[in-house]
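*Asks:* Quick one, what's the 3D model for this:
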Amino acid sequence: MDGDRRGWRQCLLSGAVFAVCMAGTTLPTPLYGLYQEKFGFSELVVTVVYAVYAFGVIGVLLLAGNASDAVGRRPVLLAGLGFSAASAVCFLCATAMGWLYAGRLLSGLSAGLFTGAATVYVMELAPRGGASRATFVATAANMGGLGCGPLLAGVLAQYAPWPLHLPFAVHLLLVAVSAAVVLGLDETVRERRPLRTVRPQRPGVPAQVRSVFGPAAIAAFVGFALFGVFTSVSPAFLAQSLGVTNHAVSGLVVALAFFSSTAGQLAVGRVGVGRSLPLGCAGLLAGLALLAGALVWDLLALVVASAVVGGVGQGLAFRGALAAVAAASPPDRRAAVVSTLFVVAYAGISVPVIGVGLLVEPMGLEGAGLVFIVCMAALVGAAAVYLLRRPVPADA
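*Replies:* Reported below is the predicted structural model:
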């Protein structure tokens, strides 16, 4: 009993550290408008600054995604916290655009290290027989942390002094506490190897997985693209088109998307993997439709509804995609296939978002958003039709 209590305590503490790191990656979201006023850059630059984060994540996933299997979980998490702290320092010292680019890149490196290592660590620290509850802790820590970032920064920027400095100072303090927590946790990798033994992971999709991987990857791409647009340009839309200049409200709208994704991922256990992918695609389509309505009619209620419905759809689709792809992959290629799925998903955060930024100047924010919605709806609609014709096995 004491062993179980200690195991769950360590599981929850590692989940809290996971949440702190992920919160740092979305902390700047409601502050981009203030940075625009300070440095005078365009919406395109906002989207590029945001997308730099995804490039950092993808780079780490490909080059060192399996590092924690070799050197241990704790060293990798401490390195991730170090990158997170360095990112906060860049934003604290930001006197020119270069600081923002550096901060976002370092944030991406921290998230890339945490995404795999922290998820596995949370599950390994849980007592035997607690895999399901540990999965819930890891999911809630990941997506909940992403949601807490913009909410924390928005509230501090709106109701406390030093809006461009206090959020990052608070995060630095949380990172320092998290590092102390990690040093007190058990290491779960028993046979460790030198860092030089870590090799880049080569993405790959075996032939027998492609029929499942295609629609799953499309759903993951669209879900992350929707999140990318929400976190990069929704504060600008709220301010310019709806007159919502309250940073706390902007942060809350973005946070709702991530919290709803957590709910969607947890619902997969009830609806089953076989139905979660097509249901997730339907949720993404509904979220995109609501976002289109918000752009056309300038209604805050539709923006909120889009965040909630699209977030649930993203959670259903992404967890269903992970489960289906992992089940279809041969054991000796599973890690490489899952890594490929993550690369496609994070490409969804960067490529479409930059496309929206390029279209803002000639078409305006609403026009660029509608082009994005049409393109993403066509992709996820095609995936949904394919899944209805060739359903994912229910036991995936």
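*Asks:* so where is this structure shaky, pLDDT-wise?
*Replies:* Within the chain, the ranges that satisfy pLDDT under 70 run 1-3, 332, 335, 393-396.
*Asks:* how about the helices of it, start to end?
*Replies:* In the chain, the helices defined using DSSP state H lie at 2-26, 32-39, 43-64, 67-71, 73-92, 97-125, 131-159, 166-183, 210-240, 247-271, 273-297, 300-328, 334-389.
*Asks:* So which of those helices is nearest residue 198?
*Replies:* Smallest distance to residue 198 across these (Cβ to Cβ): 4.8 Å, for helix 67-71. In this view, the C-beta of every residue, glycine as well, is placed from N, C-alpha and C.
*Asks:* distance between that closest one and the chain's centre?
*Replies:* Remark: helix 67-71 is offset 22 Å from the chain centroid, using Cα atoms, centre = their mean, to the nearest Å.
*Asks:* and it, what other elements does it pack with?
*Replies:* Using 3 or more Cβ pairs under 8 Å, 6 or more residues apart in numbering; DSSP states H and E, the elements in contact with helix 67-71 are helix 73-92, helix 97-125.
*Asks:* Return it as PDB; C-alpha atoms alone will do.
*Replies:* Extracted in PDB, the C-alpha atoms of helix 67-71 (Å, rounded to 0.1, in the frame of the first residue of the first chain):
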ATOM      1  CA  ALA A  67      17.400   9.900 -26.100                       C
ATOM      2  CA  SER A  68      15.600   9.100 -22.800                       C
ATOM      3  CA  ASP A  69      15.700   5.300 -23.600                       C
ATOM      4  CA  ALA A  70      19.500   5.600 -23.600                       C
ATOM      5  CA  VAL A  71      20.600   8.200 -21.000                       C
END
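*Asks:* Please enumerate residues in contact with that helix?
*Replies:* 75-77, 113, 116-117, 120-121, 189, 192-195, 197-198 (Cβ atoms under 8 Å, 6 or more residues apart in numbering).
*Asks:* Same question for stretch 221-230.
*Replies:* Stretch 221-230 is contacted from outside by 50-51, 54, 253-254, 257-258, 261, 280, 284, 287-288, 291, 307, 310-311, 313-314, 317-318, 344-353, 356, 369, 372, 376, 379-380, 383, using Cβ under 8 Å, 6+ apart.
*Asks:* Buried ones only from these, please, as a ChimeraX command.
*Replies:* To isolate the buried ones among the contacts of stretch 221-230 in ChimeraX, judged by 16 or more other Cβ atoms under 10 Å, type:
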select :50,51,54,253,254,257,258,261,280,284,287,288,291,307,310,311,313,314,317,318,344,345,346,347,348,349,350,352,353,356,369,372,376,379,380,383
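*Asks:* re earlier: of the helices of the chain, which is nearest residue 204?
*Replies:* Minimum separation from residue 204 across the helices of the chain (Cβ to Cβ) falls at helix 334-389, 5.0 Å.
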